[in-house]
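# Predicted model and sequence follow; I will ask about them next.
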Amino acid sequence: MLAITNARILTVSHGEIPSGTVLVGDDGRIAAVGADVAIPAGAEVKDAGGRTLTPGLVDAYSHLGLVNQGQGWAGDDADETTDPNVAQVRALDGIYPLDEGLDDARSGGVTTAHVSPRGTAVVAGETVAIKLRKAYAADQLVLRRPVGVAAGLGETPKAHFGGDKKYPATRMGIAAILRDALVKAADYKPEKARDLKQEALLPVIRGELPLCVIAHRSDDIITALRIAKEFNLKLMLLGCTEGFLVADLIAEAGALVAAGPSLAPRGRQEEREVGFHLPATLIRQGVKTAIVSGHPHLPAQYLNIAAGLAAAEGVSDADALRAVTLTPAEIIGVADRVGSIEVGKDADLVLWDGCPLEVMTRVAWTMVEGKVVYAC
Amino acid sequence: MLAITNAKVYPITGKPMDGATVLIDGGKIVAVGRVEIPSSAETLDASGQYLFPGFIDPHTHVGLWGEGDGHMAYDGNEWTQVTTPQVRALDAINPHHISFADARSAGVTTVQTLPGSGNPIGGEMVVVKTYGRTADEMVLRRPSGLKGAFGENPKRLHGQNNKRTPSTRMGVAAVIRQHLIKAQEYKPENGRDIGLELTAMVLRREIPLRLHAHRADDIVTAIRIAKEFDVDLSIEHATSGYMIADFLAEAGYPVNIGPTLGSRTKLETANLTFRAAGILAKAGCRVSLITDHPFVPLTFHRLIGALSVREGMSEEDALKAMTINPALTLGVEARVGSIEVGKDADLVLWSDHPFKTRARVLATYINGNCVFEQV
């Protein structure tokens, strides 16, 4: 048993405890939270010194472990670009647990990440939620698999395939490929011959898992909504740069949004409207919105700063913190385990030496399931 | 005449002053501190606000690098040749590009803008103010240096993509040396060459060579060549420079560090860390912080200072690295880089200290004119 005492606790789910204790069981779960928690005899005590304790941050859109730091081409496995439909590939098989990017993420208080292929292929492969435990095998990181199947719309597939004079060269072609893939999977007869490409899409077609569509321009977002409606799919939008232009329609469709990164350059034409007006508008519209890193586009260790900059754009502090903890946990289907400081949830905790939304604030330590994975 | 009163003033070259006045006339700063305000002056009460000199970013591609503008807007690298000293950043600057508006709204009033790092010898650099109708009227210093590059970019662009020299670091150094020798032997009477004219200015030490070098060995090669040819040098990027901090400090060349608010996308950026600037400043180097806009958008310029402080740099050093240090490195310190009498009235009024997450630029002044106002 571990007792973290004398902490300002931002539970996210149940408000703030100005000075309290969190008990962590030997199973790595939170056993008690409150202002007056009796510390069992024999418990190890960790005095927070009045500093701020939050749940570990959850990043709803990243390529963590798929794009390795400082490795260039050799360490980039986020993108199986050899066919416009690669539903059969799995993010899990590309994750390198020893990538420095994971250490960086831990140093910024990130403990859970949704890892997705990049979406140069129109149907880009299976996504996975990982815990940033200290581990050497990707399987040891898994929190939930699969989370969904990634798809890419807009300029990236158009430039890659069309640029090579291959199908698809237009947004029309991209939408057609996505529809074809869904139709084929719906008609799939495993008894004839097993086909992993069709198999991967079955839970999406059945509405059990979301199609995770990387889309930036507002018309691409609308195309995603249109196709999701046609096939009665659950939809998660990733990136979503121009989502602020169609926020009401996204809200009406009930799509989940992993918005960003907004702390990023205007790389492609479809990203020219990038900015923190995106999460601010979506949250105001009532869309379930996570603020994300898109790591390595924005390195995941700056996720708290992204939340802070959203607060600077008018999002309340509580909503900004929720957008990097409980909301992303809900979006990727792991809120029963992570995203808030509640009894029964995993003891994924971060101690900050100041306001977690301030750029100058440092992480004192990051904990996953009761084990410290980073200490300043 | 404008008097900005009651602000917390950070002159940079002196201690911060509470409730001070800065008096502006004819585009210049005419008084700072406890000042008698002339009756003819317009007064701006800046109580509770912070007044800083306009920030300076000595390494950007503002105005000449497309951002979500499509292929036709990219004018960063004249990659069709290996050495292009004849090309000038000035000729590609679009004063109406959104990047200048970004700069003004982020409190950045002076930038050096430059050709990319695809070529071992890339072209002429220019220092501009971030407001104007034509590129020419924005110029603060031209030419301000000759761009060159070591490492992965020239290897990839020429060796790998175009199957021509250079394809190795040896090749890059050889191309740069050969070019400098060509300039040494240049005789205008045998035919004018505008590229070699610029390089001849480097050899006469009228402008520095400014060399892209991330990896420590590339930095050392840059210094080796600068010493061989007895030229001035600034080291651009230097993201691994902290690993040879004592060597760099002894060499005495200024270092422009960054872009650091990003990931280690290339092998040569494998050692990227916000600790770098503090380590090099402590070692005695003249450090400036760079965004390399658009690679880190100027919108977030203040964060590179804040994060350098978070990782160990003193606040005073970080603020210098965004103001007076780049002014010195660019040779424009007589005009900009601090709040001092006689300097250009390039001033930024902030709602809070710029290293606070929620700080906002309330107004930006260039040459005494308000060029951005928070609405």
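Perfect, thanks for sending it. Numbers count the residues shown, from 1 in each chain, chains lettered A, B, ... in the order given.

# Which helix in the chain has the most residues?
No chain in the question, so chain A it is. As assigned by DSSP state H, the longest helix anywhere in chain A is helix A:171-186.

# ah, no, chain B please
The residue-count maximum for a helix in chain B (DSSP H) belongs to helix B:169-184.

# Give the buried residues for that one.
Residues B:169, B:171-173, B:175-176, B:179-180, B:183 are the ones in helix B:169-184 that count as buried (16 or more other Cβ atoms under 10 Å in any protein chain shown). Placement of C-beta: from N, CA and C, glycine included.

# what's the most distant pair in these?
Among the buried residues of helix B:169-184, the pair separated by the greatest distance (Cβ to Cβ) is B:Arg169 and B:Ala183, at 21.7 Å.

# At the contact with chain B, which residues of the stretch 1-150 of chain A appear?
Applying Cβ under 8 Å from any Cβ of the partner chain, one finds that the stretch 1-150 of chain A approaches chain B through A:67, A:69-72, A:100-101.

# want to throw those into a markdown table with pLDDT?
Output for the residues of the stretch 1-150 of chain A next to chain B, formatted as a markdown table (pLDDT from 0 to 100):
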| residue | pLDDT |
| --- | --- |
| A:Val67 | 97 |
| A:Gln69 | 95 |
| A:Gly70 | 93 |
| A:Gln71 | 93 |
| A:Gly72 | 91 |
| A:Glu100 | 96 |
| A:Gly101 | 97 |
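
# Just the strands from the stretch 51-200 of chain A, written as ranges.
Applying DSSP state E, counting those that start in this stretch to the stretch 51-200 of chain A gives strands spanning A:52-55, A:57-62, A:110-115, A:123-126, A:128-131, A:142-144, A:149-152.

# Mind giving me the packing neighbours of the fifth one?
In this structure, strand A:128-131 makes packing contacts with strand A:110-115, strand A:142-144, judged by 3 or more Cβ pairs under 8 Å, 6 or more residues apart in numbering or on different chains; DSSP states H and E.

# hmm, 10 Å instead?
strand A:57-62, strand A:110-115, strand A:142-144 (3 or more Cβ pairs under 10 Å, 6 or more residues apart in numbering or on different chains; DSSP states H and E).

# so which of the strands of the stretch 51-200 of chain A comes closest to B:Ser338?
The closest of the strands of the stretch 51-200 of chain A to B:Ser338 is strand A:52-55. By Cβ to Cβ, the value is 36.5 Å.

# Just checking: what are the partner strands of that closest one?
Strand pairing for strand A:52-55, using DSSP bridges, gives strand A:2-10 (parallel), strand A:349-352 (antiparallel).

# Please name whichever of the helices and strands packed on strand A:128-131 is nearest to A:Val359.
A:Val359 sits nearest to strand A:57-62 of all these, at 15.1 Å, using Cβ to Cβ.

# Would you mind getting the angle between that closest one and strand A:110-115?
Relative orientation of strand A:57-62 versus strand A:110-115 (axes from the mean of the first three to the mean of the last three Cα atoms, to 10 degrees): 20 degrees.

# the strands in the stretch 1-150 of chain B, which residues?
Going by DSSP E, counting those that start in this stretch, the stretch 1-150 of chain B shows strands at B:2-9, B:17-25, B:28-33, B:42-45, B:50-53, B:55-60, B:108-113, B:121-129, B:139-149.

# and the end-to-end length of stretch A:259-277?
End-to-end distance of stretch A:259-277: 11 Å, with Cα to Cα, to the nearest Å as the criterion.

# Give me the nearest residue to the closest residue to chain A within the stretch 251-375 of chain B, chain neighbours excluded.
Using Cβ to the nearest Cβ, the single residue of the stretch 251-375 of chain B nearest to chain A is B:Ala270, 2.8 Å away. Leaving aside its sequence neighbours, B:Ala270 sits nearest to A:Gly70 (Cβ to Cβ, 6 or more residues apart in numbering or on different chains; 2.8 Å).

# what's the answer for A:Gln71, then?
Take A:Gln71 and drop its neighbours on the chain: the residue closest to it by Cβ to Cβ, 6+ apart is B:Leu267, 7.0 Å away.

# B:Pro143 now?
Nearest residue to B:Pro143, sequence neighbours excluded (Cβ to Cβ, 6+ apart): B:Glu124, at 4.6 Å.

# got a list of what that neighbour touches?
B:Glu124 sits next to B:84-91, B:114-115, B:142-147, B:194-195, B:198, B:201, B:207 when contact means Cβ atoms under 10 Å, 6 or more residues apart in numbering or on different chains.

# and the helix or strand B:Leu303 falls within with strand B:108-113, angle?
Assigned by DSSP states H and E, B:Leu303 falls within helix B:301-310. Using the same axes, to 10 degrees, the inter-axis angle of helix B:301-310 relative to strand B:108-113 is 90 degrees.

# Is there contact, residue-wise, from helix B:301-310 to chain A?
Yes. Using Cβ under 10 Å from any Cβ of the partner chain, helix B:301-310 reaches chain A at B:302-303, B:305-307, B:309-310.

# A:Arg272: what's it in contact with?
A:Arg272 is in contact with A:216-217, A:241-242, A:266, B:66-70, B:98, counting by Cβ under 10 Å, 6+ apart.

# in the sheet, who's paired with the residue lying closest to B:Val9 once chain neighbours are set aside?
Counting by Cβ to Cβ, 6+ apart, B:Ala20 is the residue found nearest to B:Val9 once chain neighbours are left out, at 4.2 Å. Counting by DSSP bridges, B:Ala20 forms beta bridges with B:Ala7.

# Chain A contacts on the stretch 1-150 of chain B?
So the stretch 1-150 of chain B meets chain A at B:65-71, B:73, B:98-99, B:102 (Cβ under 10 Å from any Cβ).

# now with 8 Å?
Residues of the stretch 1-150 of chain B that fall close to chain A, judged by Cβ under 8 Å from any Cβ: B:67-70, B:98.

# which residue is nearest the centroid of chain B?
B:Pro58 (0.5 Å; Cα atoms, centre = their mean).

# Next one: that one, what pLDDT does it get?
pLDDT, B:Pro58: 98.

# tell me the contacts of it?
By Cβ atoms under 8 Å, 6 or more residues apart in numbering or on different chains, the contact set of B:Pro58 is B:111-112, B:234, B:256, B:288, B:290, B:326, B:329-330.

# can you check B:Lys182 too?
B:196, B:199.

# how close does it sit to A:Gly25?
Using Cβ to Cβ, to the nearest Å, B:Lys182 is found at 73 Å from A:Gly25.

# next one: B:Met138
Separation of B:Met138 from A:Gly25 (Cβ to Cβ) stands at 64 Å.

# What segments of the stretch 151-300 of chain B are strands?
Under DSSP E, counting those that start in this stretch, the stretch 151-300 of chain B gives strands at B:209-213, B:233-237, B:255-257, B:287-289.

# I'd assumed B:Val62 was in contact with B:His97.
Yes. Counting by Cβ atoms under 8 Å, B:Val62 is a contact partner of B:His97 at 7.4 Å.

# Give me the helices and strands touching the helix or strand bottoming out on mean pLDDT in chain B, please.
The helix or strand of chain B with the lowest confidence, counting by mean pLDDT, DSSP states H and E, is helix B:161-162 at a mean of 94. Counting contacts by 3+ Cβ pairs under 8 Å, 6+ apart, helix B:161-162 packs against no other helix or strand.
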